[in-house]
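> what's the 3D shape of this:
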Amino acid sequence: MTAPDDPTAARLAESWVANADAWTAAVRDGAIPSRRAGTDAAIVAACADALPAPAGTPVLDLGCGEGWLARALALRAARVTGADGLAPLVEAPRAPDPASRYAVAGYDALVADDALLAGPFDLVALNFALLGDPVAPLLAACARRLAPGGRVVIQTVHPWAAAGDGAYADGWREETFAAFAIPFPMHMPWYFRTLAGWVEALAAAGLRLERLGEPVHPDTRRPLSLVLTALRR
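Sure thing, here's the model as predicted:
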């Protein structure tokens, strides 16, 4: 979800277009160290825990990007729909995964039209896919698409680790991709949220936090990410 009148949010959308090929290559080439260290395994495990029964379970992988999570969940027999706002990213997973469903669906469109990817879904997964502000309207749209007892699972940067030397306060930051093994054409603005900010966003969306996970790096024991599992209130 973006604010159209916010120039920073507009630049975030622009960066996704510019970096679409680099994102696909980074995922498929294993160029993101945190993924290798445990974030991939963490989101798959959280989604598996949230699914009432894997066989035929309808799942929405929102902000699916290259599609790796959709494929991982499909291997567990879930019936997965991958959706992303960018056509180049949605085209990428179709080649290795022709059997699954992928759709071009932007966040603003999902908020505005409940008939778009209406579901209902037993699980909506957002894996490092909430980078803008505000997020509560999109999370509310996800909640409206849940089947009874369904869950939203979010993986995002761990705010205590991502704060770095900056202030521990909600606000826009800049990703340079310096830690990645391949170049990205454009820096990416992203919206930093404190732990309280995430809890407040869930509450504003009509969701109740059920479980909070903090996967850690196997060597440094520093937090790799924050995993939030939420139910509709």
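
> Which parts of this protein are helices?
7-18, 20-28, 33-34, 40-50, 68-75, 87-94, 107-112, 136-144, 159-162, 195-204 (DSSP state H).

> average pLDDT for the shortest one?
Per-residue confidence for helix 33-34 averages out to 91 on the pLDDT scale.

> Could you verify my assumption that Glu14 touches His187?
No: contact criterion C-beta atoms under 8 Å: Glu14 and His187 do not qualify, at 10.6 Å. (Each C-beta comes from the backbone N, C-alpha and C, glycine too.)

> now Gly197: how far from Gly171?
Gly197 is 10 Å from Gly171, where distance means C-beta to C-beta, to the nearest Å.

> do you know which of the helices of the chain lies nearest Gly119?
Between Gly119 and these, the shortest gap by C-beta to C-beta is with helix 136-144, which sits at 8.6 Å.

> so how far is that closest one from its chain's centroid?
Chain-centre distance of helix 136-144: 13 Å, with C-alpha atoms, centre = their mean, to the nearest Å.

> Just the C-alphas of it, formatted as CSV.
The C-alpha atoms that make up helix 136-144 are tabulated as CSV, following Å, rounded to 0.1, in the frame of the first residue of the first chain:
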residue,chain,number,x,y,z
ALA,A,136,-3.1,-1.1,7.8
PRO,A,137,-5.4,-0.6,4.8
LEU,A,138,-3.7,-3.5,2.9
LEU,A,139,-3.7,-5.7,6.0
ALA,A,140,-7.4,-5.0,6.5
ALA,A,141,-7.9,-6.1,2.8
CYS,A,142,-6.0,-9.3,3.6
ALA,A,143,-8.2,-9.9,6.7
ARG,A,144,-11.3,-9.5,4.5
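
> for this structure, longest strand please?
Determined from DSSP state E, the single longest strand within the chain is strand 146-156.

> what packs against it?
helix 40-50, strand 121-127, helix 136-144, strand 226-232 (3 or more C-beta pairs under 8 Å, 6 or more residues apart in numbering; DSSP states H and E).

> before we move on, back to that, okay, the helices of the chain in CSV with mean neighbour count and distance to Pro58 next?
Formatted as CSV, those follow (neighbours: other C-beta atoms under 10 Å; distance: least, C-beta to C-beta, whole Å):
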stretch, mean neighbour count, distance to Pro58
helix 7-18, 16, 26
helix 20-28, 18, 24
helix 33-34, 16, 29
helix 40-50, 20, 13
helix 68-75, 21, 11
helix 87-94, 18, 18
helix 107-112, 18, 16
helix 136-144, 21, 13
helix 159-162, 16, 31
helix 195-204, 17, 22
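
> out of those, nearest to Arg232?
The nearest among these, by C-beta to C-beta, is helix 136-144 at 4.8 Å.

> do you know how far Leu12 is from Met186?
With the distance defined as C-beta to C-beta, Leu12 ends up 10 Å from Met186.

> Actually, Ala37.
Taken as C-beta to C-beta, the spacing of Ala37 relative to Met186 amounts to 25 Å.

> which one of these two has more residues nearby?
More neighbours sit around Ala37 than around the other of Ala37 and Met186, counting by other C-beta atoms under 10 Å; the figures are 19 against 15.

> Apart from its neighbours in sequence, what residue is nearest that one?
Across the structure, with C-beta to C-beta, 6 or more residues apart in numbering as the measure, the residue nearest Ala37 apart from its sequence neighbours is His217 (5.1 Å).
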